[in-house]
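> sequence and computational prediction follow.
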Amino acid sequence: DAGVIQSPRHEVTEMGQEVTLRCKPISGHNSLFWYRQTMMRGLELLIYFNNNVPIDDSGMPEDRFSAKMPNASFSTLKIQPSEPRDSAVYFCASSRTGSKNIQYFGAGTRLSVL
Amino acid sequence: DQQVKQNSPSLSVQEGRISILNCDYTNSMFDYFLWYKKYPAEGPTFLISISSIKDKNEDGRFTVFLNKSAKHLSLHIVPSQPGDSAVYFCAAGAGSYQLTFGKGTKLSVIP
């Protein structure tokens, strides 16, 4: 079975541009998580969806960040406008009810905002 | 305010010896703990977990110990192998599906 698929793997953009990160969770998983990893702050939860509904977005840094999950097999994280401090690795993870909190991660998107 | 702390950023161990990675937490509501392993340019992968009702869980070379009174858990790898070289993250959950992660410990196993 395919794991969590993220695209693109690398994104380099200029400050002020819109960035869209994509995630396809594991089939049958009903929870999806977006994380950001930086050296300073480690792995931070940005937003969590359950059954396609955003449950907790308290980790989203500011209004420039938005996330959607239009269906069970696709989610996006958008940054508009992007800033250099958004440079980080962004991970998507999914899990299934009854799996005892075990989350399965994608390979991540390394974002560089110049 | 870090609720999950891994105080050792790095650890070096000789091949064949035991590796012990430590993790402390502050939130007494956490009832499930997990360890993840991460190789460069890959996402974290689940390694082993433990429920708060247990004090030990073993899976092959990997054992996790939980000391609830001290709010401390540790991961033991015996024997350590060069392929174990990676960053190890401790994570904790409190009933919901959300996890709080530590900042990780980079383990280097020297052949």
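Thanks, I have the structure now.
> show me what from chain A comes close to chain B.
Neighbours of chain B within chain A, by C-beta under 8 Å from any C-beta of the partner chain: A:4, A:31, A:33, A:42-43, A:45, A:48, A:50, A:56, A:91, A:93, A:95, A:97, A:100-108. C-beta: built from backbone N, CA, C; applies to glycine.
> now list the buried members of those.
A:4, A:31, A:33, A:42-43, A:45, A:48, A:50, A:56, A:91, A:93, A:95, A:101-108 (16 or more other C-beta atoms under 10 Å in any protein chain shown).
> any regions of chain A where pLDDT drops low?
A:1, A:99 (pLDDT under 70).
> how about the strands in it?
Taking DSSP state E as the test, the strands found in chain A are A:5-7, A:10-13, A:19-24, A:31-38, A:42-50, A:53-56, A:65-71, A:74-79, A:88-95, A:104-105, A:109-113.
> as PDB, could you dump the C-alpha coordinates of stretch B:33-45?
C-alpha atoms of stretch B:33-45 as PDB (Å, rounded to 0.1, in the frame of the first residue of the first chain):
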ATOM      1  CA  PHE B  33       3.800   7.700  24.100                       C
ATOM      2  CA  LEU B  34       5.500   6.900  20.800                       C
ATOM      3  CA  TRP B  35       9.000   6.900  19.300                       C
ATOM      4  CA  TYR B  36       9.700   7.800  15.700                       C
ATOM      5  CA  LYS B  37      12.800   7.400  13.700                       C
ATOM      6  CA  LYS B  38      13.800   9.800  11.000                       C
ATOM      7  CA  TYR B  39      16.400   9.400   8.300                       C
ATOM      8  CA  PRO B  40      17.600  12.400   6.300                       C
ATOM      9  CA  ALA B  41      15.300  13.500   3.500                       C
ATOM     10  CA  GLU B  42      12.500  11.200   4.700                       C
ATOM     11  CA  GLY B  43       9.500  11.600   7.000                       C
ATOM     12  CA  PRO B  44       9.500  10.200  10.500                       C
ATOM     13  CA  THR B  45       8.500   6.500  10.700                       C
END
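> ok, and what's touching it?
Here stretch B:33-45 makes contact (C-beta atoms under 8 Å, 6 or more residues apart in numbering or on different chains) with A:4, A:43, A:91, A:93, A:101-102, A:105-108, B:21, B:23, B:25, B:46-52, B:62, B:64, B:66, B:73, B:75, B:84, B:86-93, B:99, B:101, B:104.
> buried sites along stretch B:59-67?
Neighbour-count burial for stretch B:59-67 flags B:62-66 (criterion: 16+ other C-beta under 10 Å).
> what of stretch B:20-34?
B:20-25, B:30, B:32-34.
> among the residues you listed, which lie within strands?
Using DSSP E, these in strands are B:20-25, B:32-34.
> same list (those) but as a markdown table, adding distance to residue B:109.
Formatted as a markdown table, these follow (distance: C-beta to C-beta, whole Å):
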| residue | distance to residue B:109 |
| --- | --- |
| B:20 | 13 |
| B:21 | 12 |
| B:22 | 17 |
| B:23 | 19 |
| B:24 | 23 |
| B:25 | 26 |
| B:32 | 28 |
| B:33 | 23 |
| B:34 | 21 |
